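Got a predicted structure plus its sequence, pasted below:
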Amino acid sequence: MTGTESLHPLVVILGPTASGKTSLSLRMAQKFDGEIVSCDSVAIFQEFEIGTAKPDCLQRSLVPHHLIDVALPSEPFSAGDYARLARSVLKEVASRGRLPIVVGGTGLYLRALLEGLFPGPQRSTVLRDRLQTRVASKGSAYLYRVLTRLDRAAAAKIHPNDKPKLIRAIEVCLSSRQPITELWKQGRDPLTGFKVIRLGLDPAREALYNRINERAVQMFHHGLIDETALLLQRYKSPQIAPALGSLGYKQAMAFLAGEMTLPQAIAAAQQGHRNYAKRQMTWFRREPDVHWMHGFGDDPAIQEQAFSQIAHEFHLSLGSTKSST
């Protein structure tokens, strides 16, 4: 076979938090003999459970899941690390004749997987620790001034308060001894061997926000405070376990520190997740060739719409990833 006929099917389910991606992916995997590949920058860490909304044990027993709980909380993990692991998993799933289904809301991880990253140097723990120490005493404005001196064009593309991106850009400039913008010009290494279909969930905003608000309440009422307290005992701070700074855990830490009441912490988590959903949709709307579905992934009508799209695109019959032609 030549051209697209030789490419293995790959489904990507994207959308904002609480839009029902997990429900849709489980039903799709059962319908099309699939395996799920998580694309979530917090779910990759072990021990972080309640605040991540990971698929539960029952859901994981129904369908094979990959790239959940693959890193220690104190272990550095980048979009490049994710892309390397995910590409290996995709090849394994395809080799078994099954349908890989990439599911998640971390746009940068998805872009790294599908489009590749620029050829930058490896992470420097020593340099990062030094920069983290400086930013703790001088603030992110210090990092921004440093990057402006090293690469003014890169600084113009990064928000002055985005510490992770500022640190990475400075690290690349210093380690490679050239502006990061020069490396950006060298291009990327896109995923090959797959025909990719992107399915996007875009439920009505008010309904989505209601779900986000309810999910935050449930997280706090079902053990998020206790889980966060245990994680703090083990890892002390987000400097050691960065996922402690993620939504939900951040507000639970504020409650434990006496900085917020429980209602305030819940309200702050709700607001944070709603803002995150907005950023996710802004990012995902830049993704090419997304088949958008205006509803939640647990809606049977939306599921049937997704199944029809996949069956049509890949010439599949329900229950098989093998071509019917």
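Happy to help now that I have it.

Could you pull out the strands in this protein for me?
Applying DSSP state E to the chain gives strands spanning 8-14, 34-38, 65-66, 99-103, 194-201, 290-293.

can I get the ones you listed in JSON lines with mean neighbour count and distance to Arg211?
To be clear about C-beta, it is placed using only N, CA and C from the backbone, and glycine gets the same treatment. As requested, the strands of the chain are exported to JSON lines (neighbours: other C-beta atoms under 10 Å; distance: least, C-beta to C-beta, whole Å):
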{"stretch": "strand 8-14", "mean neighbour count": "24", "distance to Arg211": "17"}
{"stretch": "strand 34-38", "mean neighbour count": "25", "distance to Arg211": "20"}
{"stretch": "strand 65-66", "mean neighbour count": "20", "distance to Arg211": "22"}
{"stretch": "strand 99-103", "mean neighbour count": "26", "distance to Arg211": "17"}
{"stretch": "strand 194-201", "mean neighbour count": "20", "distance to Arg211": "11"}
{"stretch": "strand 290-293", "mean neighbour count": "16", "distance to Arg211": "16"}
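
any chance of those strands in JSON lines, with mean pLDDT and distance to His222 too?
Shown next, in JSON lines, are the strands of the chain (pLDDT from 0 to 100; distance: least, C-beta to C-beta, whole Å):
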{"stretch": "strand 8-14", "mean pLDDT": "97", "distance to His222": "25"}
{"stretch": "strand 34-38", "mean pLDDT": "98", "distance to His222": "21"}
{"stretch": "strand 65-66", "mean pLDDT": "98", "distance to His222": "21"}
{"stretch": "strand 99-103", "mean pLDDT": "98", "distance to His222": "22"}
{"stretch": "strand 194-201", "mean pLDDT": "97", "distance to His222": "24"}
{"stretch": "strand 290-293", "mean pLDDT": "98", "distance to His222": "29"}
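
Same list, these, but as JSON lines with distance to Phe255 please.
Output for these, formatted as JSON lines (distance: least, C-beta to C-beta, whole Å):
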{"stretch": "strand 8-14", "distance to Phe255": "31"}
{"stretch": "strand 34-38", "distance to Phe255": "28"}
{"stretch": "strand 65-66", "distance to Phe255": "31"}
{"stretch": "strand 99-103", "distance to Phe255": "30"}
{"stretch": "strand 194-201", "distance to Phe255": "31"}
{"stretch": "strand 290-293", "distance to Phe255": "36"}
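
pLDDT averaged over stretch 139-157, what's the number?
Here stretch 139-157 scores 91 as its mean pLDDT.

Tell me what Leu10 is bridged to.
Beta-bridge pairing of Leu10 under DSSP bridges involves Val196.

Quick one: residues contacting the residue nearest the centre of the chain.
Geometric centre of the chain, nearest residue: Thr106, 2.2 Å, by C-alpha atoms, centre = their mean. Neighbouring residues of Thr106 by C-beta atoms under 8 Å, 6 or more residues apart in numbering: 39-41.

Out of those residues, give me the one that has the most neighbours.
Most neighbours among those, by other C-beta atoms under 10 Å: Cys39, with 26 neighbours.

okay, and the helix or strand of the chain with the least pLDDT?
Among the helical and strand segments of the chain, the one scoring lowest on mean pLDDT, DSSP states H and E is helix 180-184, with a mean of 80.

could you say what helices and strands it packs with?
Counting contacts by 3 or more C-beta pairs under 8 Å, 6 or more residues apart in numbering; DSSP states H and E, helix 180-184 packs against helix 152-155, helix 163-176.

sorry, back to before: and which of the contacts of Thr106 is nearest Glu214?
Asp40 (19.9 Å; C-beta to C-beta).

I figured that closest one hits Gly51, correct?
No: contact criterion C-beta atoms under 8 Å: Asp40 and Gly51 do not qualify, at 11.6 Å.

Leaving out chain neighbours, which residue sits closest to Ala306?
The shortest distance from Ala306 to any non-neighbouring residue, by C-beta to C-beta, 6 or more residues apart in numbering, is to Leu199 (5.4 Å).

re the thing from before, for the least confident helix or strand of the chain, buried residues please.
Using 16 or more other C-beta atoms under 10 Å as the test for burial, helix 180-184 gives 180-181, 183-184.

among the residues you listed, which two are most distant?
Thr181 and Leu183 (7.3 Å).

Tell me where the stretch 51-200 of the chain is predicted with low confidence.
Residues of the stretch 51-200 of the chain that meet the criterion pLDDT under 70 lie in 119-120, 187.

So which residues of it form helices?
Secondary structure of the stretch 51-200 of the chain (DSSP state H, counting those that start in this stretch): helices at 57-62, 79-95, 107-115, 125-138, 140-150, 152-155, 163-176, 180-184.
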